[in-house]
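> only geometry, no sequence info:
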């Protein structure tokens, strides 16, 4: 009897392992397969604009990863809507993208810390534009603020409105639109590896990124039947001007520090292919070394 029971448990374990590997490795296999077909076999693959149409929206588009996403998507042929609170930077970036990539560019000045009024203005501008891809790259970091007790009520409100309310409300708005079109669409939520690591002096930021992850992974399951791909991107330390701390921490580890442009180029290539990504293949090393400390 025990021998029979052991065999049953063994078979259940084998099946569970098979299911786990097939679910988690299948997207990676497809990505590698597509890269081989395109780079080495000369096949022409379906482009992002073929899948998602001609218009993309990017928040946080005047700095860091958001700015690089805007340029990379324009390079892929998208007309782009740039959203940020810095009007002067938006106008400069819009002119640069129009000149370099010969695409249409719209700008929306929005301060997400202000709450619901901000979203009404965004929706009024976007309602007439056929958006097929939304990238949420905006967020407020708190590295220079200090411990939790040093935050004022106003600073708490800014962080929560920007990192939680904005990603929730914008995801709701774009999903509602995308569900109605009944065509392929995608949402990319940029998070952070801090969602899996408790970091002193940025506890509130960590919590907002945990929320981002939970929301994005849940929306993935809700949206599949509507042909909407929701992707979760969790970069670790990308040396951009937005996060100067990266340069200090990783100045002696350039091998495993992704070049920002290369990082975003790879990350964009995974849209519609991977549900969850660290952004770049080399970059996964950072993630797993970080994760090993947690476990």
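Sure, I can see it. This is a predicted model, so every value here is computed, not measured.
> now the helices: where do they sit in the stretch 51-200 of the chain?
For the stretch 51-200 of the chain, applying DSSP state H, counting those that start in this stretch gives helices covering 64-75, 87-101, 116-126, 153-160, 166-181.
> which residues are contacting the second one?
Contacting residues not belonging to helix 87-101 are listed as 61-63, 67, 70-71, 74-75, 80, 82, 84, 103-107, 109 [CB atoms under 8 Å, 6 or more residues apart in numbering]. Where you see a C-beta, it was placed from the backbone N, CA and C, and this is true even at glycine.
> same thing with the third one?
In this structure, residues lying in contact with helix 116-126 by CB under 8 Å, 6+ apart are 57, 81, 83, 106, 108, 110-112, 166, 169-170, 173.
> repeat for the last one
For helix 166-181, the external contacting residues (CB under 8 Å, 6+ apart) are 57, 59, 112, 116, 118-119, 122-123, 130-132, 134, 136, 138, 185, 187, 189, 212, 215-216, 219, 223, 226, 228.
> again, only this time at 6 Å
Residues outside helix 166-181 that contact it (CB atoms under 6 Å, 6 or more residues apart in numbering) are 112, 119, 134, 136, 185, 187, 212, 226, 228.
> need the max-distance pair from those residues.
112 and 226 (25.7 Å; CB to CB).
> look at the two and report which has more neighbours.
More neighbours surround residue 112 than the other of residue 112 and residue 226, with 25 against 16 (other CB atoms under 10 Å).
> how about that one: what's its closest non-neighbour residue?
Once flanking residues are discounted, residue 112 sits nearest to residue 166: 4.0 Å by CB to CB, 6 or more residues apart in numbering.
> so what's residue 158 up against?
The contact partners of residue 158, by CB under 6 Å, 6+ apart, come to residue 113.
> mean confidence for stretch 105-125?
Mean per-residue pLDDT for stretch 105-125: 88.
> go through it and flag the buried ones.
Within stretch 105-125, the residues that count as buried by 16 or more other CB atoms under 10 Å are 105-110, 112-113, 118-119, 122.
> do the same with stretch 76-84
Applying 16+ other CB under 10 Å to stretch 76-84 flags 76, 78-84 as buried.
> could you count how many residues lie near residue 155?
Count around residue 155 with other CB under 10 Å applied: 15.
> next one: the one 10 residues further on
Residue 165 sits with 18 neighbouring residues when counted by other CB under 10 Å.
> any idea how far it is from residue 81?
20 Å (CB to CB, to the nearest Å).
> what ranges do the strands span in the stretch 101-250 of the chain?
Assigned by DSSP state E, counting those that start in this stretch, the strands in the stretch 101-250 of the chain fall at 105-109, 131-136, 185-190, 228-233.
> from the contact counts, what lies against the second one?
Packing contacts for strand 131-136, counted by 3 or more CB pairs under 6 Å, 6 or more residues apart in numbering; DSSP states H and E, involve strand 55-59, strand 185-190.
> reformat the ones you listed as CSV; add mean neighbour count and mean pLDDT.
Formatted as CSV, those follow (neighbours: other CB atoms under 10 Å; pLDDT from 0 to 100):
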stretch, mean neighbour count, mean pLDDT
strand 55-59, 26, 97
strand 185-190, 24, 94
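> so which of the ones you listed gets nearest residue 34?
strand 185-190 (15.9 Å).
> how far off strand 228-233 does that closest one point, in degrees?
20 degrees (axes from the mean of the first three to the mean of the last three CA atoms, to 10 degrees).
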